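Trainee: need a 3D model of the following:
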Amino acid sequence: MADAVLVDSKLSTGINTIEVFYTSPSSGDGTTITAFSAINNSGVNASYKAYIYNSSGVAVGPVIPTKIVVRNRFDIGPSITNQLIPNGGTLRMESSAISSITFRVSGVEL
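Mentor: Okay, the predicted model is just below:
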C-alpha cells in the first residue's frame, strides 16, 4: 500500500478548539500515520496539540500534548508518526492561534 495525503495544508479555524482534520474509513483496519508536519509561517509563536479519537468519539489521549512552534519554523511531530487511527476514528488538532499553523499529514489506509 502506498502513502496517501491525509491532511493537505489545513489550518485551524478556532483558538484552542479541537477540530477534526481526518477521518479513517470505517471499513478496513484503520490508518497508520507515516509523516506529520506542523508549519508556522505566521508572525507569532503558536502551540498545537494532536489527538487520536476512536470511532465512538472518545479520545485515546493527546498524542502530542502541547508543542510550541516558533514563528517561521516547523515541527515534524515524531511522537505521532507510526500511530494508528482506528477504523472510523479521527485525527484532531487544536492550535493556540487561528490560521497560524499549517498541518500536513500522510499515511496508509489499511
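Trainee: from here on, contacts and neighbour counts on C-alpha atoms
Mentor: Noted.
Trainee: contacting residues for Ala46?
Mentor: Contact partners of Ala46, counting by CA atoms under 8 Å, 6 or more residues apart in numbering, are 40, 68-71, 95-97, 100-101.
Trainee: and of the residues you listed, the nearest to Ser47?
Mentor: Of all these, Ser47 sits closest to Ile68, with 4.1 Å by CA to CA.
Trainee: most surrounded residue in the contacts of Ala46?
Mentor: Ranked by the number of neighbours (other CA atoms under 10 Å), the contacts of Ala46 place Ile101 first, at 31 neighbours.
Trainee: from memory Tyr48 sits against Met93, does it?
Mentor: Yes: in this structure, Tyr48 is within contact of Met93 by CA atoms under 8 Å, at 6.9 Å.
Trainee: and stretch 11-26, what's buried?
Mentor: Of the residues in stretch 11-26, 11-12, 16-25 count as buried by neighbour count, 16 or more other CA atoms under 10 Å.
Trainee: now render the residues you listed as a markdown table, adding secondary structure, distance to Leu110 and pLDDT.
Mentor: Shown next, in a markdown table, are the buried residues of stretch 11-26 (DSSP: H, G, I helix; E, B strand; the rest coil; distance: CA to CA, whole Å; pLDDT from 0 to 100):
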| residue | secondary structure | distance to Leu110 | pLDDT |
| --- | --- | --- | --- |
| Leu11 | strand | 26 | 95 |
| Ser12 | coil | 27 | 93 |
| Asn16 | coil | 31 | 96 |
| Thr17 | coil | 29 | 95 |
| Ile18 | coil | 25 | 95 |
| Glu19 | strand | 23 | 97 |
| Val20 | strand | 20 | 98 |
| Phe21 | strand | 18 | 98 |
| Tyr22 | strand | 15 | 98 |
| Thr23 | strand | 13 | 98 |
| Ser24 | coil | 9 | 97 |
| Pro25 | coil | 9 | 97 |
